[in-house]
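Trainee: sequence plus predicted model, see below.
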Amino acid sequence: MQELFNIFVKSIFIDNMIFAYFLGMCSYLAVSKTVNTSFGLGLAVIFVLGITVPVDYLLNKYILEAGALSWLGESFAEVDLSFLSFIMFIAIIASMVQLVEMIVEKFAPTLYNSLGIFLPLIAVNCAILGGSLFMQEREYETIAEATSFGLGSGVGFFLAIIGIAAIREKIKYSNVPAPLRGLGITFIITGLMGIAFMSFMGIKL
């Protein structure tokens, strides 16, 4: 249990998708104009990462990696389908994003209209694919560890986009120099937040 907690906390603060790897910056910058839309997108990312990472873990462990098909018989022990990882991971992600899109459109049409094109673009968000690829690279031993990593990465993205959205709403009333208004000051704040998150690297997990 402690190991799962360590993975969860580390993926939020130390290996944060935004501030450690700068993945998913397109939706992070475009949607973070208001807290409400950022909240909705953040929840969608948590859901998608929380589902796709463990599903991709099972797919990788029992179908894609070298020798994974040995459960079908000795003749399949040498089969290596790892070259299909990218396309299979993206297929799983796209199907989950489609499910999220239908749910949001049904139960929160206002949020659906606010998110616009960036909701379906979660399917090609590099932070989402990055979660599955990091899971594959780190070779987690159990599905519980993969799920903990997926949920933690989603929560990390959620905190990052909520934080920048809250700051962007406040700086509307600040005297920001004209050349830096908009994305300029947002990039500067994101860099400073990234430096702040680096302080968590001192946590011993």
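Mentor: Thanks, I have the structure now. Residues are numbered from 1 along each chain as shown.

Trainee: return the distance of stretch 84-91 from the chain's centre.
Mentor: In terms of C-alpha atoms, centre = their mean, to the nearest Å, the centre of stretch 84-91 is set 16 Å apart from its chain centre.

Trainee: what's the average pLDDT for it?
Mentor: Average pLDDT, stretch 84-91: 92.

Trainee: contacts for it, please.
Mentor: By C-beta atoms under 8 Å, 6 or more residues apart in numbering, the surrounding residues in contact with stretch 84-91 are Thr52, Asp56, Leu59, Asn60, Leu64, Ala123, Val124, Leu129, Ser132, Leu133, Gln136. Any C-beta I mention is one placed from the backbone N, CA and C, and that applies to glycine too.

Trainee: from the contact counts, what lies against the least confident helix or strand in the chain by mean pLDDT?
Mentor: Between all helices and strands in the chain, the lowest mean by mean pLDDT, DSSP states H and E belongs to helix 109-115, at a mean of 81. Packing partners of helix 109-115 (3 or more C-beta pairs under 8 Å, 6 or more residues apart in numbering; DSSP states H and E): helix 35-59, helix 85-107.

Trainee: return the most buried member of the ones you listed.
Mentor: helix 35-59 (a mean of 22; mean count of other C-beta atoms under 10 Å).

Trainee: show me what that helix is packed against.
Mentor: Secondary-structure packing of helix 35-59 (3+ C-beta pairs under 8 Å, 6+ apart): helix 25-31, helix 85-107, helix 109-115, helix 126-138, helix 143-171.

Trainee: thinking again about what came up before, now, of the contacts of stretch 84-91, which are buried?
Mentor: Neighbour-count burial (16 or more other C-beta atoms under 10 Å) is assigned, among the contacts of stretch 84-91, to Thr52, Asp56, Leu59, Asn60, Leu64, Ala123, Leu129, Ser132, Leu133, Gln136.

Trainee: quick one, phi psi at Thr34?
Mentor: Backbone geometry at Thr34, expressed as degrees, to the nearest 10, gives phi -130, psi 150.
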